[in-house]
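Visitor: Show me the folded form of this:
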Amino acid sequence: MRSLLFFITVLAISSSIAQNYDYGANIPLEDYNFVLGTNSFPTKYQFSNDSKLIEQARQTRALGSNIFKTSITERSLKDYGFKADDANNIMDVIDLIPDYDKVFEMDFKYYFFWLHTATGIKWRKGISKNQEKRLYNEMFNFASYLLKKYDNTGKTFLIGNWEGDWLLHTNKDRNMTPSKEAVENMTKWFQIRQRAIADAKDKSNSKNVYVYYYIEVNLAAKGMEGETCITKDILPNVDVDLVSYSSYESSKKKDYQANKESLTTVLNYIEGQLKPKEGLPFKRRVFIGEYGGQAFDDKPETYLRQFDNAKDIMQISLEEDLPFALYWQMYNNEYTKDGKSKNMSLINEKGEKRPLYYLHQNYYKQVNEYLKKYKLQHEVYPSHEDFKIQALKVLEDVYNEIRLQVLTSLNLKK
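Guide: Reported below is the predicted structural model:
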């Protein structure tokens with residue numbers, strides 16, 4: 001009964017806090033980095049006749065975000081009635097699925113995607129000269145395509161991989177030690193991809209459109225312990241633009257202070273492994289590609305814990321000048337062995353927008369309005385430092401308003 005009351009109350013207070021659910025879809029977004037975003041990967045459920053890709057893009061835009069993150073993979077072909085062997089490279093996937101370009105033509109400012117390869121080449125088995133050329137051409141052609149087609153749009157495309165340490169570690173076993181051969185082969189794979197993107201930019205005449213390459217890591221703490229992982233053994237050998245940190249190993253501590261200490265230590269360590277690189281538009285080169293937590297219907301307190309933890313990571317990300325911090329995720333795709341939802345989403349399987357949805361939406365609404373007014377008054381956008389001060393204040397105010405009402409619904413002390 002208490003769980004049911006919790007959900008009824010939370011949905012009611014959410015409606016009162018968000019004056020317009022479609023705020024982001026109806027209001028132009030300012031040309032500025034809001035920093036805080038979400039992951040928007042197609043999952044088992046949806047609520048419209050649109051494709052899963054288009055639906056999640058529209059949901060992300062309605063949220064008020066100018067950041068969209070998804071995947072481009074041959075696996076996407078199945079959802080559109082194609083077979084994997086219908087594509088020999090990523091450009092084939094783009095040609096077969098025009099929804100990707102439809103999303104790119106939306107008014108998001110930043111696009112992230114996991115993009116591995118549609119060539120069928122397995123880097124773990126080694127990369128021959130012929131395979132190197134194919135992998136290079138695949139990435140070069142895709143980056144060149146983005147630069148040409150979206151010339152002078154102000155868009156930024158960030159191309160990377162899913163949690164790389166799980167790719168490096170057999171069977172996602174944190175305790176195993178990847179072989180020297182696996183480390184060398186993955187290093188070569190990353191080097192090829194980075195070089196292809198850099199070359200595409202060097203040979204392009206496009207202006208006001210940007211493409212960067214990132215490597216995503218998720219077991220950086222192993223490197224701090226002297227063990228084999230991407231951060232310690234691969235990052236120093238790749239001239240990568242940026243690093244994404246899937247941060248679960250260090251962002252799920254008991255409180256803000258513990259998260260702050262844990263995260264800053266690991267983020268500083270990751271950044272310390274990078275080769276120096278000039279010409280990048282961000283103050284820092286490491287960002288949080290994933291964070292979030294689980295919650296369960298029969299344990300309402302876990303929702304409060306999830307809510308508080310998310311706010312902690314959002315706050316720390318702004319304080320530490322990270323270029324981005326992306327919540328996992330818009331729709332849930334995590335379930336227990338007996339099929340129960342882990343509720344790691346802003347919109348659940350019933351289509352209900354949860355308190356974390358409104359924390360993000362109201363943050364976007366207020367920072368967007370701040371930026372608009374500031375530019376009207378000063379004819380330029382605020383400095384990064386001025387924006388950070390305002391963004392932190394907005395986040396704190398929105399968080400306190402929503403949290404107080406959630407606490408009331410749970411009959412818990414502040």
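Visitor: Same question for the helix or strand containing residue 359: list its buried residues.
Guide: For residue 359, the element it lies in under DSSP states H and E is helix 355-378. Residues of helix 355-378 classed as buried by neighbour count (16 or more other C-beta atoms under 10 Å): 355-368, 370-372, 374. Every residue, glycine included, has its C-beta placed from N, CA and C.
Visitor: quick one: low-confidence parts of the protein?
Guide: 1-25, 410-414 (pLDDT under 70).
Visitor: Run through the residues that contact residue 159.
Guide: Counting by C-beta atoms under 8 Å, 6 or more residues apart in numbering, residue 159 touches 113, 115, 139, 142-143, 193, 197, 211-214.
Visitor: Show me how far the strand ranked longest in the chain is from its chain's centre.
Guide: Ranked by number of residues, the top strand in the chain under DSSP state E is strand 210-217. Its chain's C-alpha centre and that of strand 210-217 lie 11 Å apart, by C-alpha atoms, centre = their mean, to the nearest Å.
Visitor: Who are the packing partners of the helix holding residue 359?
Guide: helix 2-17, helix 23-26, strand 36-38, helix 52-63, helix 301-319, helix 384-410 (3 or more C-beta pairs under 8 Å, 6 or more residues apart in numbering; DSSP states H and E).
Visitor: So which of these is the most surrounded?
Guide: strand 36-38 (a mean of 26; mean count of other C-beta atoms under 10 Å).
Visitor: Which elements pack onto it?
Guide: Packing contacts for strand 36-38, counted by 3+ C-beta pairs under 8 Å, 6+ apart, involve strand 67-71, helix 301-319, strand 325-327, helix 355-378.
Visitor: hang on, residue 85 in a helix?
Guide: Yes - Residue 85 sits within a helix when classified using DSSP: H, G, I helix; E, B strand; the rest coil.
Visitor: separation between it and residue 92?
Guide: 10 Å (C-beta to C-beta, to the nearest Å).
Visitor: what's the answer for residue 118, then?
Guide: The value you get for residue 118 to residue 92, if C-beta to C-beta is used, is 6 Å.
Visitor: Could you pull out the strands in the stretch 201-350 of the chain for me?
Guide: Using DSSP state E, counting those that start in this stretch, the strands of the stretch 201-350 of the chain run over 210-217, 242-246, 286-291, 325-327.
Visitor: closest to residue 169 out of those?
Guide: Smallest distance to residue 169 across the strands of the stretch 201-350 of the chain (C-beta to C-beta): 11.4 Å, for strand 210-217.
Visitor: chain center to stretch 77-86, what's the gap?
Guide: The answer for stretch 77-86 is 25 Å, by C-alpha atoms, centre = their mean.
Visitor: quick one: secondary structure of the residue lying closest to residue 330 once chain neighbours are set aside?
Guide: Closest residue to residue 330 apart from its sequence neighbours, by C-beta to C-beta, 6 or more residues apart in numbering: residue 40 at 4.5 Å. Three-state call for residue 40 (three-state DSSP): coil.
Visitor: so residue 40 makes contact with residue 55?
Guide: No - using C-beta atoms under 8 Å, residue 40 is not in contact with residue 55; the gap is 9.3 Å.
Visitor: ok, residue 118 and residue 92, which is more surrounded?
Guide: More crowded of residue 118 and residue 92, by other C-beta atoms under 10 Å: residue 118, with 25 against 17.
Visitor: Run the chain-centre distance for stretch 98-116.
Guide: 13 Å.
Visitor: That one spans what distance, first to last residue?
Guide: End-to-end span of stretch 98-116 (C-alpha to C-alpha, to the nearest Å): 19 Å.
Visitor: what about residue 282, neighbour count?
Guide: Neighbour count of residue 282, defined by other C-beta under 10 Å: 16.
Visitor: how about it, what does it touch?
Guide: Contacts here follow C-beta under 8 Å, 6+ apart; on that basis residue 282 touches 242, 323.
Visitor: do the same with residue 140
Guide: By C-beta under 8 Å, 6+ apart, residue 140 lies in contact with 196-197, 199-200.
Visitor: What ranges does the stretch 151-300 of the chain have for its helices?
Guide: 164-168, 180-202, 220-224, 230-233, 256-272 (DSSP state H, counting those that start in this stretch).
Visitor: Which residues does the last one contact?
Guide: Helix 256-272 is contacted by residues 217, 220-221, 223-224, 231, 235, 243, 245, 247, 249-253, 284-286, 288, 309, 312-313, 315-316, 319-320, 322 when judged by C-beta under 8 Å, 6+ apart.
Visitor: Give the buried residues for that helix.
Guide: The neighbour-count check on helix 256-272 (16+ other C-beta under 10 Å) flags 259-260, 262-263, 266-267, 269-270 as buried.
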